[in-house]
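Q: here is a sequence with its predicted model. Questions after.
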There are 2 protein chains.
Amino acid sequence: MTVQRVSRSSRSTAFKEVRSRLRSRGLRWTPQRRALIDVLSATDGHVTGAELVELCRDRDPETTPSTVYRTLEVLEEIGLVKHSHGRDGRQEFHIAPASEHGHAICENCGEVRELSEGDVAGLVGSLGKRGFAVDLSHLTVGGLCPRCGNSGVPLA
Amino acid sequence: MTVQRVSRSSRSTAFKEVRSRLRSRGLRWTPQRRALIDVLSATDGHVTGAELVELCRDRDPETTPSTVYRTLEVLEEIGLVKHSHGRDGRQEFHIAPASEHGHAICENCGEVRELSEGDVAGLVGSLGKRGFAVDLSHLTVGGLCPRCGNSGVPLA
DNA sequence: GAGCTTGCTGCAAGAGGTTGCATTAGCATC
DNA sequence: GATGCTAATGCAACCTCTTGCAGCAAGCTC
Ligand SMILES: [Mn+2]
Ligand SMILES: [Mn+2]
Ligand SMILES: [Zn+2]
Ligand SMILES: [Zn+2]
């Protein structure tokens, strides 16, 4: 009971924040956007665009993909989500993480691990010296994880 | 004249090499594969899958996308090409490079630069210590190049 | 609450790529 | 040169997005 009350109130707080961030840019608060934000707030980790479309359809079967994808763009502009690209290049979304980070993806089993600052410091510094400003959420590296390294036949 | 004769002969040598590499695996030498290899041998740098389909269609308007993409997979298995993923995650192909390498892509202007061993040494080492074997051709990092860093509005 | 502006939605079409399946055609053998 | 095994092709359908456009509706104003 108490738990539920807390989670409900924290969610509606999150809604108000997003709503005002949209409104301050002249953007609108619509049922479709509310539904997507609701879905996003209930997910952990990485979700693909197609998965988000499905999750929205669970609430409202009328959901249109183009609206979802366009809303995701808007939410990324206001900093609520970040996307990266999984193997095959599919989009994956995070609820805006405390810190941006890159990803390492196993090409055999699909396991995703987040990269630490230390992991990427060399690359960021090296490119930085040449004037290239790295966008951490678009730093993706494929390879084979420890479990797949000896046995697996690489896929992607 | 001399130049042309040399380039023709070096190309047909390349054909024979690929042909025998295919045959030794029980794979076949078809007109469609020959056309694609011909197209690939005439390209420099990075080409997208869709571009290759178009280039093949220039030679043979009957060209089917699925055949091209499947042939690219085969050519990658025998080591003739390597693919990586550009911004938006689209596939890009290289004629098998002397050394594998990662890519940095400007999210504003699309410029691609190849990463040196030094650029990625830290990341490869750091992941390596945790048992993750990096596939260099699937190392892509987005960001803003020197020209776009101050002015441009990021796209992808 | 009615009107108005303009952002948003839904639809249809299209781009890039993948997959299952029936048919075709390499190529090894005779 | 004909036969047969099986790999490769072409087709249709599908997946993940993306884009243009006409109509709809959020939300400001009076
Ligand atoms: Mn790939
Ligand atoms: Mn992207
Ligand atoms: Zn793995
Ligand atoms: Zn640039």
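A: Great, that's in hand. Numbering: from 1, shown residues only, chains lettered A, B, ... in the order given. Ligands and ions are numbered 1, 2, ... in the order given.
Q: next, count neighbours for whichever residue of chain A sits closest to ligand 4.
A: Of all residues in chain A, residue A:132 sits closest to ligand 4, at 8.8 Å by C-beta to the ion. Yep, even glycine has a C-beta here, placed from its N, CA and C like the rest. Neighbours of residue A:132 under the rule other C-beta atoms under 10 Å in any protein chain shown: 24.
Q: now swap in residue A:32 and tell me
A: Quick note: residue A:32 (other C-beta under 10 Å) scores 16 neighbours.
Q: picking up where we left off before, per-residue pLDDT, the residue of chain A closest to ligand 4?
A: What the model reports as pLDDT for residue A:132 is 95.
Q: ok, now residue A:42?
A: 92.
Q: how many neighbouring residues does it have?
A: By other C-beta under 10 Å, neighbour count at residue A:42 equals 11.
Q: let's verify residue A:142: helix, strand, or coil?
A: What DSSP: H, G, I helix; E, B strand; the rest coil gives for residue A:142 is strand.
Q: rewinding a little: next up, the contacts around the residue of chain A closest to ligand 4.
A: Contacts for residue A:132 were tallied using C-beta atoms under 8 Å, 6 or more residues apart in numbering or on different chains; they are B:104, B:106, B:113, B:143-146, B:149.
Q: kindly recompute the last result at 7 Å.
A: B:104, B:143, B:145-146 (C-beta atoms under 7 Å, 6 or more residues apart in numbering or on different chains).
Q: between those, which sits nearest DNA strand D?
A: Of all those, DNA strand D sits closest to residue B:143, with 18.2 Å by C-beta to the nearest atom of the strand.
Q: hang on, that closest one packs against residue A:133?
A: Yes - checked against C-beta atoms under 7 Å, the pair residue B:143 and residue A:133 is within contact range at 5.0 Å.
Q: would you mind telling me which of the two has the busier surroundings?
A: Higher neighbour count among residue B:143 and residue A:133: residue B:143, with 22 against 18, using other C-beta under 10 Å.
Q: who's that one bridged to?
A: Legend: beta-bridge partners of residue B:143 under DSSP bridges are residue A:134, residue B:106.
Q: what does residue A:94 give?
A: Under the criterion used (DSSP bridges), residue A:94 bridges to residue A:82.
Q: quick check: residue A:109 vs residue A:143, distance?
A: According to C-beta to C-beta, to the nearest Å, residue A:109 and residue A:143 sit 11 Å apart.
Q: now residue A:35
A: On the measure of C-beta to C-beta, residue A:35 and residue A:143 end up 37 Å apart.
Q: returning to what we had before: how about CSV for the contacts of residue A:132, with secondary structure added?
A: Listed next are those as CSV, based on three-state DSSP:
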residue, secondary structure
B:104, strand
B:143, strand
B:145, coil
B:146, coil
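Q: out of those, which are close to ligand 4?
A: When C-beta under 5 Å from the ion is applied, the members of the contacts of residue A:132 adjacent to ligand 4 are residue B:145.
Q: filter the contacts of residue A:132 down to the buried ones, PyMOL style.
A: Buried residues among the contacts of residue A:132 (16 or more other C-beta atoms under 10 Å in any protein chain shown), as a PyMOL selection:
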select buried, chain B and resi 104+143+145
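Q: any idea which of the contacts of residue A:132 is closest to DNA strand C?
A: residue B:104 (19.0 Å).
Q: contacting residues around that closest one?
A: A:127, A:132, B:113, B:115, B:141, B:143 are the contacts of residue B:104 under C-beta under 7 Å, 6+ apart.
Q: report the two of the residues you listed separated the most.
A: B:115 and B:143 (11.9 Å; C-beta to C-beta).
Q: dump the residue contacts of the nearest residue to residue A:138 once chain neighbours are set aside.
A: Nearest residue to residue A:138 in three dimensions, chain neighbours excluded: residue B:142, at 2.9 Å (C-beta to C-beta, 6 or more residues apart in numbering or on different chains). Going by C-beta under 7 Å, 6+ apart, residue B:142 touches A:135, A:138, B:87, B:105, B:107, B:156.
Q: could you give the separation of the strand or helix carrying the second one from the chain centroid?
A: When you say that, I think you mean residue A:138. Here residue A:138, judged by DSSP states H and E, is contained in strand A:133-144. For strand A:133-144, the distance from its own C-alpha centre to the chain's C-alpha centre is 14 Å (C-alpha atoms, centre = their mean, to the nearest Å).
Q: can you give me the buried ones in it?
A: A:133-144.
Q: quick one, that strand and strand B:133-144 angle?
A: If you take axes from the mean of the first three to the mean of the last three C-alpha atoms, to 10 degrees, strand A:133-144 sits at 160 degrees to strand B:133-144.
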